[in-house]
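>>> Provided below are the primary sequence and the corresponding predicted coordinates.
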Amino acid sequence: MGLAGVGMVGMGAVVAASRGSDGDSSTGAASGTRTAAEWTEPAVLESSEGVLDLELTVAETTVAIAGATATMLTYNGTVPGPTLHVRPGDTLRVRLVNGLSEVTNLHTHGLAVSATGASDNPFRRVEPGESFDYLIDIPADHPHGVAWYHPHHHGHVADQVFGGLYGALVVDEDDWSDGAPRVVVVSDVTLSGGAVANVSAMERRMGRVGETLLTNGARAPQLPVAPGTTERLLLVNACTSRYLSLGGPSLTVRSVDIGGLARPVSTDSLVVPPGGRADLQVDAPASSTALVARAYARGAGMGMMGAPDSGTDATILTLVPDASAASPATPGDASAPVDLRDATVAREREITFTMGMGGMGGMSFLIDGREFDPERVDQSVRLGAVEDWTLVNATGMDHPFHLHVWPMQLIDSDEVEVRDVVDVPAGQRVRVRVAFDRFAGPTVYHCHILDHEDLGMMGVVEAS
Ligand SMILES: [Cu+2]
């Protein structure tokens, strides 16, 4: 196991906040100072000779976060947890040690791997004080790109992710011994009295949005970039509910989720839903330029409750011209997706998000009229079949749909576009095509507003 590419670039000194294209609009300053954070990245754990063998200890830890000190939930003592770098064909062995006082487990979001046994199994419980040895075989033809890991025990997911449990997981064939590509893990949190704030029943129904946006655990850090160079940013949206509506510099989107685009797309805006990722390329700007997450309305409105939002404009990072900045390693290209447009479709289904009365806090979050039940199989699919699923949102708020294990192609798109989190806007329908080509057994699909998932908006799919 190697350790590489940790904090390759430091500014050496805290510098005054720059005037980004939007000004510094980040929120949640603990101290009221306007100094900007240095760029930092999580530690990297790399596979060697086909294996990445690591221990991940989940515990409450007092960490430096957003310029303050707070007790959060951590993997191996840091927020985010370490970045895991694996290659197609590798085996990922993780001893998950639960140092919490409640159950947890581990999900490798974006990996197309088995969901049974000791692999990416969302039904597994790792009890307080216990440990579990995960054994995840990554197929030799696995696409390249950025995935992430987080807990997935129903009922605790939102609190544990909001508390600080997330990390990046990159699959590619590259040698990182000369430096890692830039990982940008974006999350949000609300801190109160040196701890993560409790959230109200209303915030759970809406999907909680943290007051402070964190980028690799820092608030609005400055990223020094050498003029004339191009940056690649592997961005993970680890927020519990917040959509990241990116703005600021011109972006070339090289991939979404894991190997989701057939060709790069140039844009000034991109919305990354909770759980989604993006492989971004930006040219070094002539003057300091902020990459921001813009305020974003998540839906058409909820009657008396109004439309849930994704917070006010907040700076993710500021690109700062600096002739002495070291160039980061350039990641290899993400894989191109498999195109299923000419596939024979064995079956069509509809999956409908609804909300009803009753349930926790007076409102229930349902898929096809039912709350999650781990003992019930909601969709039985034939292993090897290609199916079309029409995702129907019959509610007034947006729901990002995540299917574990099998990627989803947006079949009504002109471009080849494959995702593992598909946003289904309020009142709309989205059709996806899925090849259930391998991995027999049950797993889950759910809303990736993690509060909604915990409130019941999840179902079981079994391939056999
Ligand atoms: Cu939802």
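Looks like it came in fine.
>>> quick check, residue 205 in a helix?
Yes. Using DSSP: H, G, I helix; E, B strand; the rest coil, the secondary structure at residue 205 is a helix.
>>> how many neighbours does it have?
When neighbours are counted by other C-beta atoms under 10 Å, residue 205 registers 23. Yep, even glycine has a C-beta here, placed from its N, CA and C like the rest.
>>> ok, it to the ion distance?
Per C-beta to the ion, to the nearest Å, residue 205 is found 10 Å from the ion.
>>> can you pull up the bridge partners for the closest residue to that residue other than its chain neighbours?
Leaving aside its sequence neighbours, residue 205 sits nearest to residue 363 (C-beta to C-beta, 6 or more residues apart in numbering; 5.5 Å). For residue 363, the beta-bridge partners are residue 357 (DSSP bridges).
>>> number the chain from 474, please
Understood, numbering begins at 474; the last thing we discussed is residue 836.
>>> contact partners for residue 836?
678, 828, 829, 830, 928 (C-beta atoms under 8 Å, 6 or more residues apart in numbering).
>>> again, but for residue 933
845, 846, 847, 849, 850, 851, 852, 915, 916, 917.
>>> what residue in the stretch 674-823 of the chain comes nearest to the ion?
residue 680 (6.4 Å; C-beta to the ion).
>>> if we can go back for a sec, the residue nearest to residue 678 and the ion, how far apart?
From residue 836 over to the ion (counting by C-beta to the ion), the distance is 12 Å.
>>> check residue 830 too.
Residue 830 is 17 Å from the ion, by C-beta to the ion.
>>> need the pLDDT of the residue of the stretch 674-823 of the chain closest to the ion.
Note for residue 680: predicted pLDDT of 94.
>>> neighbours of residue 590, how many?
12.
>>> which bits of the chain sit near the ion?
With C-beta under 5 Å from the ion as the criterion, the chain meets the ion at residues 872, 920, 922, 925.
>>> next, the contact list for the last one, please.
If I follow you right, that is residue 925. Residue 925 neighbours (C-beta under 8 Å, 6+ apart): 680, 838, 872, 919.
>>> ok, of the residues you listed, which one's closest to the ion?
The closest of the contacts of residue 925, once distances to the ion are taken by C-beta to the ion, is residue 872, at 3.5 Å.
>>> can you give me the strands in the stretch 524-673 of the chain?
Secondary structure of the stretch 524-673 of the chain by DSSP state E, counting those that start in this stretch: the strands cover 524-538, 541-548, 556-559, 564-571, 580-582, 604-610, 618-623, 640-644, 655-662, 664-665, 668-669.
>>> can you give me how far the last one is from the chain middle?
So the one you mean is strand 668-669. Computed by C-alpha atoms, centre = their mean, to the nearest Å, the chain-centroid distance of strand 668-669 equals 21 Å.
>>> equivalent analysis for stretch 884-902, please.
17 Å.
>>> and if you look at stretch 542-556?
Worked out by C-alpha atoms, centre = their mean, stretch 542-556 lies 16 Å from the chain centre.
>>> what are the contacting residues of it?
514-518, 527-536, 538, 573, 622, 633, 636-643, 653, 656, 658, 660, 662, 664, 667-669, 687, 689-690, 711.
>>> going through those, which ones are buried?
514-518, 527, 529-531, 533-534, 536, 538, 573, 622, 633, 636-643, 653, 656, 658, 660, 662, 664, 669, 687, 689-690, 711 (16 or more other C-beta atoms under 10 Å).
>>> so which of the contacts of residue 925 belong to strands?
Of the positions in the contacts of residue 925, 838, 872, 919 sit in strands, assigned by DSSP state E.
>>> correct me, but the last one touches residue 927?
Okay, so that is residue 919. No. Residue 919 is beyond contact range of residue 927, at 9.4 Å (criterion: C-beta atoms under 8 Å).
>>> the more surrounded of the two?
With neighbours defined as other C-beta under 10 Å, residue 919 and residue 927 compare such that residue 919 has more, 28 against 24.
>>> which residues sit in contact with the more buried one?
840, 845, 874, 875, 925, 926, 930, 931, 932.
>>> just confirm the third one contacts residue 894, I think it does.
It stands for residue 874. Yes. The pair residue 874 / residue 894 is scored as a contact, 7.0 Å apart, by C-beta under 8 Å.
>>> any shared contact partners between these two?
In contact with both residue 874 and residue 894: residue 921, using C-beta under 8 Å, 6+ apart.
>>> these two: who's more crowded?
The neighbour comparison of residue 874 against residue 894 (other C-beta under 10 Å) goes to residue 874, with 26 against 23.
>>> domain map for the protein?
480-647, 665-794, 820-936 (automatic domain parsing).
>>> pick out the shakiest of the ones you listed, pLDDT-wise.
Taking mean pLDDT as the measure, domain 480-647 is lowest among those, coming in at a mean of 86.
>>> show me what contacts residue 917?
Counted by C-beta under 8 Å, 6+ apart, residue 917 has contacts 595, 845, 877, 931, 932, 933, 934.
>>> picking that back up, JSON lines please, covering the contacts of residue 919 and showing secondary structure.
Output for those, formatted as JSON lines (three-state DSSP):
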{"residue": "840", "secondary structure": "strand"}
{"residue": "845", "secondary structure": "coil"}
{"residue": "874", "secondary structure": "strand"}
{"residue": "875", "secondary structure": "strand"}
{"residue": "925", "secondary structure": "helix"}
{"residue": "926", "secondary structure": "helix"}
{"residue": "930", "secondary structure": "coil"}
{"residue": "931", "secondary structure": "strand"}
{"residue": "932", "secondary structure": "strand"}
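>>> need the residues you listed in CSV with distance to residue 864, can you?
CSV is the format used below for the contacts of residue 919 (distance: C-beta to C-beta, whole Å):
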residue, distance to residue 864
840, 10
845, 17
874, 5
875, 11
925, 14
926, 15
930, 12
931, 14
932, 12
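>>> these, buried ones only, as a PyMOL selection?
One line in PyMOL is enough to select the buried ones among the contacts of residue 919; burial here means 16+ other C-beta under 10 Å:
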select buried, resi 840+845+874+875+925+926+930+931+932
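>>> ok, the contacts of residue 919 vs residue 755, which is closest?
For these, the minimum distance to residue 755 (C-beta to C-beta) is 26.8 Å, reached by residue 875.
>>> what residues are up against that closest one?
Taking C-beta under 8 Å, 6+ apart as the test, what residue 875 contacts is 582, 748, 893, 894, 895, 918, 919, 920, 921.
>>> try 7 Å
By C-beta atoms under 7 Å, 6 or more residues apart in numbering, the contact list for residue 875 reads 748, 893, 894, 918, 919, 921.
>>> can you check residue 599 too?
Residue 599 neighbours (C-beta under 7 Å, 6+ apart): 569, 571, 576, 577, 578, 605.
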